[in-house]
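Engineer: quick one, fold the following:
(chains A and B)
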There are 2 protein chains.
Amino acid sequence: MTNHLPGVGVTAAKGFRAAGVTAGIKASGSPDLALVVNDGPSLAAAGVFTSNRVKAAPVLWSEQVLKDGHLSAVVLNSGGANACTGPLGFQDTHATAEKVAETLGLNAADVAVASTGLIGVRLPMELLLPGVELAAAELAEDGGEAAAVAIKTTDTVHKTAVAAHPDGWTVGGMAKGAGMLAPGLATMLVVLTTDAAVDAADLDAALRAATRTTFDRVDSDGCMSTNDTVLLLASAASGVTPGQDAFAEAVRTVCADLALQLVGDAEGASKDVRIDVVNAATEADAVEVARSIARNNLLKCAIHGEDPNWGRVLAAIGTTAAAFDPDALDVAINGVWVCRGGSVGEDRDLVSMKDRQVVVTADLNAGSDRATVWTNDLTADYVHENSAYSS
Amino acid sequence: MTNHLPGVGVTAAKGFRAAGVTAGIKASGSPDLALVVNDGPSLAAAGVFTSNRVKAAPVLWSEQVLKDGHLSAVVLNSGGANACTGPLGFQDTHATAEKVAETLGLNAADVAVASTGLIGVRLPMELLLPGVELAAAELAEDGGEAAAVAIKTTDTVHKTAVAAHPDGWTVGGMAKGAGMLAPGLATMLVVLTTDAAVDAADLDAALRAATRTTFDRVDSDGCMSTNDTVLLLASAASGVTPGQDAFAEAVRTVCADLALQLVGDAEGASKDVRIDVVNAATEADAVEVARSIARNNLLKCAIHGEDPNWGRVLAAIGTTAAAFDPDALDVAINGVWVCRGGSVGEDRDLVSMKDRQVVVTADLNAGSDRATVWTNDLTADYVHENSAYSS
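Structural biologist: Modelled structure (predicted):
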């Protein structure tokens, strides 16, 4: 085994090179094009995509090319979502994949494309295509950080995570996403890589299990994107075939790490809010209740104001179809049970909400299942970021 | 027939007296207790209530007393919702109805109670009960305005409406509600009165038909209250029995008028937004799509910023289960079709969004049904109003 000095993010695992460059798509001149290449020996891959029925061209393309369970490369751009751009937008995505294939000597049907930015605007192909050549020239085994930087939009920081297994294989990844986070994937672009030897079916199983309880449970503002994409590429360069449980756990760890980084960088947020719903009749009930709480604008405003307004939690629970008795609901905010039996509990003045992290616990007293959903508070800064300019 | 000088709101119709007084429930010293009395000859009544499963004590009480289709009086307080207050809170509601009955010589089982304000706090009964006596002493045939003032919470103006029919009967009403507006009734207290001779079953039919397309289609912030109450009382004092269609239309007119007043006074809003969904396969599809658009925080921010960001409209439509082809969606903002066939349409620079009213039209091209939902933009002022203090 060569002495591999792990990079960060998508180049933490062996067998991958990456780059991030400025193609000029963003008016700001910030990096806006990333390339991730799998040098093998395996090209196994899996992906999950937005459940929004209005899907961006790169999502339609990447779903298609992933059907055979193989990917050689992923090209990602910020500065434009290429969503709602019609057949010409799809041609742009196709041309991007062809350009990557031609430049690197690959098959375009093995190149996934991901885009993020404003919906409804064509990409500047005259800038993007030369950018692909630029990125190809910059590909490096330590290019993970540059790639993570190039996919930022309103993100204030770039986001990478790594889980290295003692048996000699690694899962790493990068993510972008700072607003429009919602279920059926928190809106985001994520590329995960591993040098473990895992076939496409097992990659798919591990990825779906991981996203179900991580990215799918981030609900920053209830808005679902047209471009959500999470890809997992396996090079097998470590030569190690891990047990499926250990591998799935590593993928989940990296996804959870990235998901919390998304929550921590959500647009305009001043609080990261964990909604724990416990003692639900079913996990689906717990998720429904947690999402309803996470999406209640009045509660999100109250949390911003550090006001333990548990009545708004009960009002949100009451809109769901979950099994519960309104007179048996308990609610804690930061560990203080301010609502007991659907009515006034401990003194709300005991609740401190000064810290960035706020935990809302809803006990449905209806079973033994549970779920956690992450959200943020609603702030004037969120309104400003999303009203002051098109994004 | 006596020469009746119509008052406003609930005393526009003959046979009703009303009052609004300061009981001291609100720390501000503003009026906080209203009383509406039906002097007959008929006591027919109907009501619709929140579909939230966490129901305030006065909602549980009023649903119960309305079962026989008769009401003699309604007592309403602002300054406290009496929601999530347990059995003692229900006793407080019961005691309030008993006090009204005792003071006016009525049966408590014919007295509806409605409350609005902070959830999870007991009402100050030592102030509220003397307030009932005060209000009873102030009851007057021109008390409709004072009653409308006394039920305000964060409302900046009081809200009344009247429809007078040439045949000699009238429907009038008052409403409060400025936030927490959402379907299954926009959160609000509404009392409607009429001097038409209409029995309880016909009142119920007219009221349900009217609220279904008015208050139920106001969705200011997606948050559903625990206290929504809309009551309709008929005195028959005009001696006229109207045709059911004419009566239903008058009730709908008053409800629509009050509903638009609620939208126009929504907390912190700078825009009133009408979402028209047309050419849907079913009315239910149209409503689902309109609500999804109305609840999209990113779009609501864009509207605040006067940005015709139609991509956010498509992203919202894409989250629904309604029948449509993503490539056949057309979207207009203030009459400019900025999205055609799911892609770029007319120049977005043609859209002017300077006025308070904004109209978003989504053409699903999937049928011939339609629906309209009203909402507001999302503003820093909304965040401030709902984070700076408990409400």
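
Engineer: the stretch 101-250 of chain A: strands as residue ranges?
Structural biologist: A:111-115, A:159-164, A:170-176, A:189-194, A:229-234 (DSSP state E, counting those that start in this stretch).

Engineer: in TSV, list those along with mean neighbour count.
Structural biologist: All C-beta atoms are positioned from the backbone trio N, CA, C, and that covers glycine. Below are these laid out as TSV (neighbours: other Cβ atoms under 10 Å in any protein chain shown):
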stretch	mean neighbour count
strand A:111-115	29
strand A:159-164	22
strand A:170-176	28
strand A:189-194	31
strand A:229-234	28
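
Engineer: to A:Glu102, which of those strands lies closest?
Structural biologist: strand A:111-115 (10.1 Å; Cβ to Cβ).

Engineer: thinking again about what came up before, so which of the strands of the stretch 101-250 of chain A gets nearest chain B?
Structural biologist: Nearest of those to chain B, taken as Cβ to the nearest Cβ: strand A:111-115 at 12.7 Å.

Engineer: would you turn the strands of the stretch 101-250 of chain A into TSV with mean pLDDT?
Structural biologist: As requested, those are exported to TSV (pLDDT from 0 to 100):
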stretch	mean pLDDT
strand A:111-115	96
strand A:159-164	94
strand A:170-176	94
strand A:189-194	94
strand A:229-234	95
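
Engineer: out of the ones you listed, the one nearest A:Val336 is which?
Structural biologist: strand A:159-164 (32.3 Å).

Engineer: now do the residue of the stretch 201-350 of chain A found nearest chain B against B:Leu128, distance only.
Structural biologist: Residue nearest to chain B within the stretch 201-350 of chain A (Cβ to the nearest Cβ): A:Gly311, separated by 2.5 Å. Separation of A:Gly311 from B:Leu128 (Cβ to Cβ, to the nearest Å) stands at 19 Å.

Engineer: the two - which one has more neighbours?
Structural biologist: A:Gly311 (29 against 24; other Cβ atoms under 10 Å in any protein chain shown).

Engineer: surely the more buried one touches B:Gly80?
Structural biologist: No: if you go by Cβ atoms under 8 Å, A:Gly311 and B:Gly80 don't touch, sitting 11.0 Å apart.

Engineer: anything in contact with each of those two?
Structural biologist: B:Leu118 (Cβ atoms under 8 Å, 6 or more residues apart in numbering or on different chains).

Engineer: ok, A:Arg212 - how many residues close by?
Structural biologist: Counted with other Cβ under 10 Å, A:Arg212 comes out at 14.

Engineer: and it, how far from A:Thr375?
Structural biologist: From A:Arg212 to A:Thr375 the distance is 17 Å (Cβ to Cβ).

Engineer: which residue does the stretch 1-150 of chain A have closest to chain B?
Structural biologist: Counting by Cβ to the nearest Cβ, the stretch 1-150 of chain A gets nearest chain B through A:Ile119, at 2.5 Å.

Engineer: which residues touch the residue nearest to that residue when sequence neighbours are not counted?
Structural biologist: Leaving aside its chain neighbours, A:Ile119 sits nearest to B:Gly311 (2.5 Å; criterion: Cβ to Cβ, 6 or more residues apart in numbering or on different chains). B:Gly311 makes contacts with A:81, A:83-84, A:118-120, A:226, as judged by Cβ under 8 Å, 6+ apart.

Engineer: go again with 7 Å.
Structural biologist: When contacts are counted by Cβ atoms under 7 Å, 6 or more residues apart in numbering or on different chains, B:Gly311 touches A:83-84, A:118-120.

Engineer: pretty sure A:His70 sits against A:Asp110.
Structural biologist: Yes: under the criterion of Cβ atoms under 7 Å, A:His70 makes contact with A:Asp110 at 5.6 Å.

Engineer: overlap in contacts of the two?
Structural biologist: A:Leu43.

Engineer: got the strands of the stretch 101-250 of chain A as TSV, with distance to A:Val218 columns?
Structural biologist: Putting those into TSV (distance: least, Cβ to Cβ, whole Å) gives the following:
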stretch	distance to A:Val218
strand A:111-115	18
strand A:159-164	12
strand A:170-176	10
strand A:189-194	11
strand A:229-234	12
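
Engineer: tell me which of the ones you listed sits nearest to A:Val36.
Structural biologist: strand A:189-194 (5.4 Å).

Engineer: how far away from the center of its chain is the closest one?
Structural biologist: The chain centroid and the centroid of strand A:189-194 are separated by 10 Å under Cα atoms, centre = their mean, to the nearest Å.

Engineer: contacts for that strand?
Structural biologist: By Cβ under 7 Å, 6+ apart, strand A:189-194 touches A:10, A:13, A:16, A:36, A:74, A:76, A:114, A:116, A:151, A:169-176, A:229-234, A:251, A:254, A:258.

Engineer: swap in 6 Å and give it another go.
Structural biologist: The contact list for strand A:189-194, computed with Cβ atoms under 6 Å, 6 or more residues apart in numbering or on different chains, reads A:10, A:13, A:16, A:36, A:74, A:76, A:114, A:116, A:151, A:171-176, A:229-234.

Engineer: now swap in stretch A:373-391 and tell me
Structural biologist: A:118, A:217-220, A:263, A:266-271, A:273-275, A:290-291, A:294, A:297, A:300-301, A:303-304, B:298, B:301, B:304-305, B:307, B:309, B:378-380, B:383.

Engineer: what pLDDT, on average, does that stretch get?
Structural biologist: The pLDDT scores in stretch A:373-391 average 80.

Engineer: list the buried residues in that stretch.
Structural biologist: A:373-387, A:390-391 (16 or more other Cβ atoms under 10 Å in any protein chain shown).

Engineer: may I have it exported as CSV, CA atoms only?
Structural biologist: Coordinates of each C-alpha in stretch A:373-391 appear next as CSV, following Å, rounded to 0.1, in the frame of the first residue of the first chain:
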residue,chain,number,x,y,z
VAL,A,373,-35.3,16.9,12.8
TRP,A,374,-32.9,19.8,12.6
THR,A,375,-34.0,23.3,11.8
ASN,A,376,-33.1,27.0,12.4
ASP,A,377,-34.7,30.0,13.8
LEU,A,378,-36.4,32.6,11.5
THR,A,379,-34.6,35.9,11.5
ALA,A,380,-34.7,39.3,9.9
ASP,A,381,-31.3,38.3,8.4
TYR,A,382,-33.0,35.3,6.6
VAL,A,383,-35.6,37.7,5.2
HIS,A,384,-32.9,40.1,4.1
GLU,A,385,-30.7,37.4,2.4
ASN,A,386,-33.7,36.1,0.5
SER,A,387,-35.4,39.4,-0.5
ALA,A,388,-32.5,41.7,-1.2
TYR,A,389,-31.4,39.9,-4.4
SER,A,390,-32.4,37.0,-6.6
SER,A,391,-31.0,33.7,-5.5
